[in-house]
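Colleague: sharing a sequence plus its predicted fold:
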Amino acid sequence: MSATQNPRNQAVIVTGAARGIGRAIALRFALEGARVAAVDILADELAELCACETALSRIVAVEADISTPEGAREATNRALEALGGHVDVIVNNAGIEHRAPIASHEADAWRRVMAINLDAPFFIVQTALPALLAADAPAIVNIASTARIGFFGQPAYDTSKGGLVTLTRSMANELGREGVRVNAVAPGFIATNMVADDPKITAIGEKQVRLQPLQRMGKPEEVAAAVVWLASSNASYITGQTLHVDGGWVRI
Ligand code: NAD
């Protein structure tokens, strides 16, 4: 078993790491001894993350916008540079939500959701592939959502996450023979800005969690634990899977 499968030695890229789930993922990897390139557009939050005690100089900020193929490629190259050209794990976490009914969904909002949630993971992996293939036990974890099954009033978001699950399987099939494991984590309602910033989503979340086996919202740290596990040697024979971290919400 290779030493680089242990988080202690991993070089990790996490997108959307300035806050919420991505921040918890970056901190959990750092806590376990990994070196993390934290990619985000939010400069102040990134600086605060890198300065916090748990980061222990293990997290380096890469301020970048991944909403275009060029931006995603540039962010990846800068993250690789920050990690000395080496990467063991990529966590495609950055994402945006947009609520709008089908009848009035704006074209630019549709395109932006797809660009950040679905296109960027593809271009990031494509750009990092030579470095990833040089790693001893490479792993990719894509942050999908329970919304992948198709909900109500957020068709772009749902479709982007469904697409990300399919991209996960597509990457797992193509890259598995080269030793790259690719999995997705699908969170349910997790208490982050994405939920708190939109009163409509907060209201839906509060109603929804009452119907779940575990009747509460999840914490970013609970998603981070699953991500770090999937990227570790403990999950060495697992690929192409989507792990729901959702309090038992989705049962298909
Ligand atoms: P969040 O809004 O708190 O954080 C998302 C992060 O992504 C932010 O730091 C933001 O700046 C960054 N980001 C957005 N656009 C970017 C861009 N163009 N370039 C670089 N960074 C960008 O959201 P969160 O709740 O932490 O969500 C993280 C991931 O988990 C997302 O993919 C989201 O879809 C998914 N998710 C969240 C929930 C939930 O309930 N919070 C549920 C299911 C899935």
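Modeller: Sure, I can see it.
Colleague: dump the longest helix seen in the chain to CSV, keeping only the CA atoms.
Modeller: Criterion DSSP state H: the longest helix present in the chain is helix 155-175. Provided in CSV are the C-alpha atoms of helix 155-175 (Å, rounded to 0.1, in the frame of the first residue of the first chain):
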residue,chain,number,x,y,z
PRO,A,155,-33.7,22.8,-13.1
ALA,A,156,-30.3,24.1,-13.9
TYR,A,157,-28.9,23.2,-10.5
ASP,A,158,-30.5,19.7,-10.6
THR,A,159,-29.3,19.0,-14.1
SER,A,160,-25.7,20.2,-13.3
LYS,A,161,-25.5,17.9,-10.3
GLY,A,162,-27.1,14.9,-12.3
GLY,A,163,-24.5,15.6,-15.0
LEU,A,164,-21.7,15.7,-12.4
VAL,A,165,-22.7,12.2,-11.2
THR,A,166,-22.6,10.9,-14.8
LEU,A,167,-19.2,12.7,-15.3
THR,A,168,-18.0,10.9,-12.1
ARG,A,169,-18.9,7.5,-13.6
SER,A,170,-17.5,8.5,-17.0
MET,A,171,-14.2,9.5,-15.5
ALA,A,172,-14.1,6.5,-13.2
ASN,A,173,-14.5,4.2,-16.2
GLU,A,174,-11.9,5.9,-18.4
LEU,A,175,-9.3,6.6,-15.7
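Colleague: how far does it sit from the chain's center?
Modeller: Between the centre of helix 155-175 and the centre of its chain there are 12 Å (Cα atoms, centre = their mean, to the nearest Å).
Colleague: what's the first helix or strand after it?
Modeller: Counting by DSSP states H and E, the next helix or strand C-terminal to helix 155-175 is strand 181-187.
Colleague: re earlier: what's the longest helix of the chain packed up against?
Modeller: helix 107-114, helix 120-133, strand 139-143, strand 181-187 (3 or more Cβ pairs under 8 Å, 6 or more residues apart in numbering; DSSP states H and E). In short, each C-beta sits where N, CA and C put it, glycine included.
Colleague: phi, psi of V14?
Modeller: phi -120, psi 120 (degrees, to the nearest 10).
Colleague: that one: neighbour count?
Modeller: Counted with other Cβ atoms under 10 Å, the neighbours of V14 add up to 35.
Colleague: residue contacts, it?
Modeller: 22, 25-26, 29, 36-39, 91, 93 (Cβ atoms under 8 Å, 6 or more residues apart in numbering).
Colleague: same check, this time on T127
Modeller: By Cβ under 8 Å, 6+ apart, T127 lies in contact with 72-73, 76-77.
Colleague: mind pulling up the pLDDT for the residue nearest to the spatial centre of the chain?
Modeller: Residue closest to the average C-alpha location in the chain (Cα atoms, centre = their mean): N93, at 2.0 Å. At N93, the predicted lDDT confidence score is 98.
Colleague: please report how far it lies from the ligand.
Modeller: According to Cβ to the nearest ligand atom, to the nearest Å, N93 and the ligand sit 5 Å apart.
Colleague: show me what contacts that residue?
Modeller: Residues near N93 by Cβ under 8 Å, 6+ apart: 14-17, 21-22, 25, 143.
Colleague: what about 7 Å?
Modeller: For N93, the contacting residues are 14-16, 21-22, 25, 143, by Cβ atoms under 7 Å, 6 or more residues apart in numbering.
Colleague: which one of the helices and strands packed on helix 155-175 is the most hemmed in?
Modeller: Mean neighbour count (mean count of other Cβ atoms under 10 Å) peaks for strand 139-143 among the helices and strands packed on helix 155-175, with a mean of 27.
Colleague: each with direction, which strands does that one pair with?
Modeller: If you go by DSSP bridges, strand 139-143 pairs up with strand 89-92 (parallel), strand 181-187 (parallel).
Colleague: who's in contact with the last one?
Modeller: Counting by Cβ under 7 Å, 6+ apart, the neighbours of strand 181-187 from elsewhere in the structure are 21, 139-146, 148, 164-165, 168, 171-172, 175, 218, 223, 226-227, 230, 238-246.
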